[in-house]
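I need the structure of the sequence given here:
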Amino acid sequence: MCLHDARLLNMGRQDDTFVMILEMEPPARHVVILTFTLEGELRIEDTSLQDKSPADFVTWMYEEWNLDRRRRSCFSVLLSNGWMVELAFRDFHYLVVQQVIPSRNGSAVLTTVAAQSA
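Residues are numbered from 1 along each chain as shown. This is a model prediction of the structure:
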């Protein structure tokens, strides 16, 4: 699944759990929820794109998955607002769901849900 240009709806942390919620670029109607169990501190650097003008929303530019010198799994993502989010993690899960879209008569339509662990 390509997350490039997905819209970052929100991200948050509680204890050692960090969550990112994304909306896929249209015409896709999927929401992606990434959940990391942190192995260390979360780092958000906000100087990556100092000359970037602010936008109405933040999009996903690119990500990297690596192992650090201590053999921990590491993740980093550059966002369109210039933030670089970096973390080491011990567990990762993702969930891809169809958006619940109101139909013309006001009822909700829900389709496929896919959950994965890595």
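
Can you give me the buried ones in the host helix or strand of residue 97?
Using DSSP states H and E, residue 97 sits within strand 84-98. Within strand 84-98, the residues that count as buried by 16 or more other Cβ atoms under 10 Å are 84-89, 94, 96-97. C-betas here are computed from N, CA, C, even on glycine.

can you check stretch 14-25 too?
In stretch 14-25, counting by 16+ other Cβ under 10 Å, buried: 18, 20-24.

Mind checking which of these land in strands?
Under the assignment DSSP state E, the buried residues of stretch 14-25 contribute 18, 20-23 to strands.

dump the residue contacts of the residue positioned nearest the centre of the chain.
In the chain, the centroid-proximal residue (Cα atoms, centre = their mean) is residue 20; its distance is 4.0 Å. By Cβ atoms under 8 Å, 6 or more residues apart in numbering, the residues touching residue 20 are 8, 10-11, 33-34, 77, 85.

And residue 75, by the same measure?
Neighbours of residue 75 in contact, by Cβ under 8 Å, 6+ apart: 36, 63-66, 86-89, 92.
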